[in-house]
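Q: predicted model and sequence follow; I will ask about them next.
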Amino acid sequence: MSILKKTMISFAALSMVTAPVVASAASGARAASVVDGQSELEGNSSWIIGLVGLLVGIGAIILVADKDEDSPVSP
């Protein structure tokens, strides 16, 4: 493959990536939405993160402490 062909393919790929970004930046108007009220789904979800961490920790302890009775034994 010649260097010219590689360069043209590179420019084509670059233009495919940059075209949507340039088009969205060129339109000065942004879509605005009206907010009637606040979301009722917001809240403190740190307890969920703690619960997942606790379950992962317990699972890791169980896997490490599992007795491998079927381990190969060298004769």
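A: Structure's in. What do you need? Numbers count the residues shown, from 1 in each chain.

Q: quick one, strands of this structure?
A: Taking DSSP state E, the chain contains no strands at all.

Q: helices along this structure, start to end?
A: Shown for the chain, the helices assigned by DSSP state H span residues 3-26, 46-65.

Q: now render those as a markdown table, adding mean pLDDT and mean neighbour count.
A: Every C-beta, even on glycine, is put in place using the N, C-alpha and C of the backbone. Output for those, formatted as a markdown table (pLDDT from 0 to 100; neighbours: other C-beta atoms under 10 Å):
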| stretch | mean pLDDT | mean neighbour count |
| --- | --- | --- |
| helix 3-26 | 80 | 9 |
| helix 46-65 | 83 | 9 |
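
Q: let me have these in JSON lines, extended by distance to residue 72.
A: Below are the helices of the chain laid out as JSON lines (distance: least, C-beta to C-beta, whole Å):
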{"stretch": "helix 3-26", "distance to residue 72": "52"}
{"stretch": "helix 46-65", "distance to residue 72": "19"}
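
Q: ok, which of the ones you listed comes nearest residue 74?
A: Residue 74 sits nearest to helix 46-65 of all those, at 23.3 Å, using C-beta to C-beta.

Q: coming back round to it: looking at the helices of the chain, which is nearest to residue 73?
A: The nearest among the helices of the chain, by C-beta to C-beta, is helix 46-65 at 20.7 Å.

Q: kindly format the C-alpha coordinates of that closest one as PDB.
A: Output of helix 46-65 as PDB, limited to C-alpha atoms (Å, rounded to 0.1, in the frame of the first residue of the first chain):
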ATOM      1  CA  SER A  46     -24.000   5.200  49.400                       C
ATOM      2  CA  TRP A  47     -25.600   2.300  51.300                       C
ATOM      3  CA  ILE A  48     -26.000   0.400  48.000                       C
ATOM      4  CA  ILE A  49     -22.300   0.900  47.300                       C
ATOM      5  CA  GLY A  50     -21.400  -0.300  50.800                       C
ATOM      6  CA  LEU A  51     -23.700  -3.400  50.400                       C
ATOM      7  CA  VAL A  52     -22.100  -4.300  47.100                       C
ATOM      8  CA  GLY A  53     -18.600  -3.900  48.600                       C
ATOM      9  CA  LEU A  54     -19.600  -6.000  51.600                       C
ATOM     10  CA  LEU A  55     -20.900  -8.800  49.400                       C
ATOM     11  CA  VAL A  56     -17.800  -8.800  47.200                       C
ATOM     12  CA  GLY A  57     -15.600  -9.000  50.300                       C
ATOM     13  CA  ILE A  58     -17.600 -11.900  51.700                       C
ATOM     14  CA  GLY A  59     -17.500 -13.700  48.400                       C
ATOM     15  CA  ALA A  60     -13.700 -13.200  48.200                       C
ATOM     16  CA  ILE A  61     -13.200 -14.500  51.700                       C
ATOM     17  CA  ILE A  62     -15.300 -17.600  50.900                       C
ATOM     18  CA  LEU A  63     -13.300 -18.300  47.700                       C
ATOM     19  CA  VAL A  64     -10.000 -17.900  49.500                       C
ATOM     20  CA  ALA A  65     -11.000 -20.000  52.500                       C
END
